[in-house]
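A.B. asks: Please find the sequence and the predicted model below.
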Amino acid sequence: MNSGENLYIWQAGDWPNWRYDLSALTGLLTEVSRTQGVLLGRLADVGLALRDRASLAALTEDVVKTSELEGEVLNLESVRSSIARRLGVEIGAVAAVDRDVEGVVEMVFDATSRSVEALTAERLFGWHAALFPTGYSGMSKLAVGQWRNDAVGPMQVISGPMERRKVHFQAPPAAMLPAETSRFLAWANEQASEPMLIKAGLAHLWFVTLHPFDDGNGRIARAVGDLFLARADGSTQRFYSLSAQIQRERRDYYDVLERTQKGTLDVTGWLEWFLGTLGRAIASAQTTLDAVLIKARFWQRWAGAGQGQPLNERQVKLLNRLLDGFEGRLTSSKWGSIAKCSPDTALRDIKQLLELGVLKKSPGGGRSTGYELAD
């Protein structure tokens, strides 16, 4: 950046006059719309209660995965409980929810449930404050709810140890942010001249290129993109997670982002990647919907299990864990640990479910017996 050459996209003389080849993107736009229509068609047939559960699954994945991309691992059950409460979905015993989880959930909900409302600096400041309720990121104190000031140096995206660090990107100086963010927000709130899905991809790229906060820029950029996707869907409910798909393809994401931010203002390549990833995210939601329907059919079948004695809270909790995709082998010791009961109580719970045909022993031996759903 000291050579006088334009190293980054925001240094271009005609920044931010985005260019793209719409004819090259038409096929992807058509395919994404088709995939979206298939998903929404299925959802229209399943009823309100199951749509809410499908939304619960998608939003839970979205919150967890957008945080994972930044190296923050949130408690899945805590996230699920927080979202279920907001959706009014009954999930049985709920987990404790800490402030960090609530902050990400609040941001995601605000972006999607209020997508038609204007995107303002105050709204972005609120999202940032929700992400960092203590005013710290780890041990670093942040300027929360305000644009960064570069007090400790330029905003850079780096990797590697200090002695061999690689600078992948350097954001515009803090002095440029008032004008740059005002220009971005004016564009965000004007009537779209481009297809809304294109605008979602541009908004994500534009915001993450400005990198206007001390921390949390990636999560907020994805929330900004989700806001425009919600506008494109014309729905306040989310049934797919772009963040989860980006997390699955994170190496490609960072590669194409770096190439784009060091390239020209022709961002056709970025939009091709964005739309392709979006299409795969929507297709993946079909699997999530399948799991929701399987779970509903399971409980319809076993609602009367126990011959007049309903399944207890521990059994319901563990069966739901299995239906949600339990990792590893479920043993009696794990049952007791999760259900917070004695080994004898865990064995009685399991024995009853074996006798009813709800559970079966897992194939294979080992030092302890494993159990799984019978169907």
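C.D. replies: Received, thanks.
A.B. asks: Grab the most central residue of this protein for me.
C.D. replies: Most central in the chain under C-alpha atoms, centre = their mean is residue 62, positioned 2.0 Å from the mean C-alpha point.
A.B. asks: hang on, isn't that one packed against residue 108?
C.D. replies: Yes - with contact defined as C-beta atoms under 8 Å, residue 62 reaches residue 108; the gap is 6.0 Å. All C-beta atoms are positioned from the backbone trio N, CA, C, and that covers glycine.
A.B. asks: For the stretch 1-150 of the chain, give me the ranges with low pLDDT.
C.D. replies: Within the stretch 1-150 of the chain, the ranges that satisfy pLDDT under 70 run 1-5, 92-94.
A.B. asks: picking up where we left off before, need the residues touching each of residue 62 and residue 108.
C.D. replies: Shared contacts of residue 62 and residue 108 (C-beta atoms under 8 Å, 6 or more residues apart in numbering): residue 226.
A.B. asks: Would you mind listing the residues in contact with the residue nearest to the centre of the chain?
C.D. replies: Counting by C-beta under 8 Å, 6+ apart, residue 62 makes contact with 108, 226, 238, 241-244.
A.B. asks: just the residues you listed now: which is nearest residue 53?
C.D. replies: residue 238 (12.7 Å; C-beta to C-beta).
A.B. asks: So that closest one sits against residue 230, correct?
C.D. replies: Yes - with contacts counted by C-beta under 8 Å, residue 238 reaches residue 230, the gap being 7.1 Å.
A.B. asks: Looking at the two, which is more packed in?
C.D. replies: Using other C-beta atoms under 10 Å as the criterion, residue 238 and residue 230 rank with residue 238 on top: 25 against 21.
A.B. asks: And the more buried one, how close does it get to residue 312?
C.D. replies: Residue 238 sits 33 Å away from residue 312, going by C-beta to C-beta, to the nearest Å.
A.B. asks: how many other residues sit next to residue 302?
C.D. replies: Residues within reach of residue 302, counting by other C-beta under 10 Å, total 20.
A.B. asks: Now it. Nearest residue, chain neighbours left out?
C.D. replies: Leaving aside its chain neighbours, residue 302 sits nearest to residue 358 (5.8 Å; criterion: C-beta to C-beta, 6 or more residues apart in numbering).
A.B. asks: Model confidence at that neighbour, what's the number?
C.D. replies: pLDDT for residue 358: 91.
A.B. asks: and it, how far is that from residue 318?
C.D. replies: Counting by C-beta to C-beta, the gap from residue 358 to residue 318 is 10 Å.
A.B. asks: do the same with residue 142
C.D. replies: Where residue 318 is concerned, residue 142 sits at a distance of 40 Å (C-beta to C-beta).
A.B. asks: Pick out whichever of these two has more residues nearby.
C.D. replies: Neighbours were counted for residue 142 and for residue 318 using other C-beta under 10 Å; residue 318 has more, 23 against 20.
A.B. asks: Tell me if I'm right that that one and residue 349 touch.
C.D. replies: Yes - at 7.5 Å, residue 318 and residue 349 qualify as touching, with contact defined as C-beta under 8 Å.
A.B. asks: Please enumerate the strands of this protein.
C.D. replies: Assigned by DSSP state E, the chain shows strands spanning 136-137, 140-141, 156-159, 166-170, 359-361, 371-373.
A.B. asks: Tell me which other helices or strands the longest one touches.
C.D. replies: Yep, that's strand 166-170 we're talking about. On a contact count with 3 or more C-beta pairs under 8 Å, 6 or more residues apart in numbering; DSSP states H and E, strand 166-170 meets strand 156-159, helix 250-261.
A.B. asks: Centre of the chain to the last one, how far?
C.D. replies: Think helix 250-261. Here the centre of helix 250-261 is set off from its chain's centre by 18 Å, with C-alpha atoms, centre = their mean, to the nearest Å.
A.B. asks: Output the strands of the chain in TSV; the columns should cover mean neighbour count.
C.D. replies: Formatted as TSV, these follow (neighbours: other C-beta atoms under 10 Å):
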stretch	mean neighbour count
strand 136-137	14
strand 140-141	12
strand 156-159	13
strand 166-170	15
strand 359-361	16
strand 371-373	17
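A.B. asks: what do residue 318 and residue 349 both touch?
C.D. replies: Counting by C-beta under 8 Å, 6+ apart, the common neighbours of residue 318 and residue 349 are 335, 339.
A.B. asks: Next one: the residue nearest to the centre of the chain relative to residue 206, how far apart?
C.D. replies: Look at residue 62 and residue 206: by C-beta to C-beta, they are 21 Å apart.
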